[in-house]
Structures are given as structure tokens and as C-alpha cells.
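> coordinates for the following, if possible.
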Amino acid sequence: MKKMLLFIAVATFTACNNSGEQKTESATANSASKIETVKTAAHVKIDPVCEMEFDTSWTEYTVYKGDTVKFCSDVCKGVFLKNPDKYASKLK
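Model (predicted):
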């Protein structure tokens, strides 16, 4: 009886695990197509200091000459604010 319950538990776990992999693969495929769409766009936003590509989790920003400039961290924002003219060419 114990062996049968163990077998059922393992079989259930394996079935759940396999269905999760299929969902992950399709989600990864969807994410990849979205990334391609962003990269093929005419203008990809970047952090002007470290040149990291834009991520929606960024919370640091400042307004420079009427434009909102977003940063990946408060460190990059601080570096930008010390000498914004140095990074102005990377904004457009």
C-alpha cells in the first residue's frame, strides 16, 4: 500500500512538473518575440551612463531639458546629475 501511494505521488509530481515545463517554454518563446520587437524598434531607450537597455523595473529618473531620462540605479542618476552635458548625446 505504501509503495502504491509513493508511486502515485511521484507520478503526480512528474506530471505537474512536465506541464510546467511546457508553459515555461511557450512563455519563453513569447518573451523572446517581445524582446525582438523591442530591439528592432527604431529607438531603444538606454541608461545614458552605463548604456543598459531599458527595463520596466527602473524607478530612478530626472527631467533634463524637458525630457524624462530614466536610470537603472540611483548611482547612474547621481553620475548623470554631476555632469549631464557629458551624456546629452546619448539621450536622443
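> pLDDT score for residue 65?
Note on residue 65: pLDDT of 93.
> let me see the contact set for it.
Shown in contact with residue 65 (C-beta atoms under 8 Å, 6 or more residues apart in numbering): residue 88. The way it works is simple: take the backbone N, C-alpha and C, and place the C-beta from them, glycine included.
> how near is it to residue 85?
The gap separating residue 65 from residue 85 is 10 Å, by C-beta to C-beta, to the nearest Å.
> try residue 62
14 Å.
> with neighbour numbers in mind, choose between those two.
Neighbour count, other C-beta atoms under 10 Å: between residue 62 and residue 85, residue 62 has more, with 13 against 7.
> could you give the bridge partners of the more buried one?
Residue 62 has the following beta-bridge partners by DSSP bridges: residue 69.
> what pLDDT does it get?
95.
> so, low pLDDT: which residues of this structure?
Regions of the chain meeting the criterion pLDDT under 70 cover residues 2-43.
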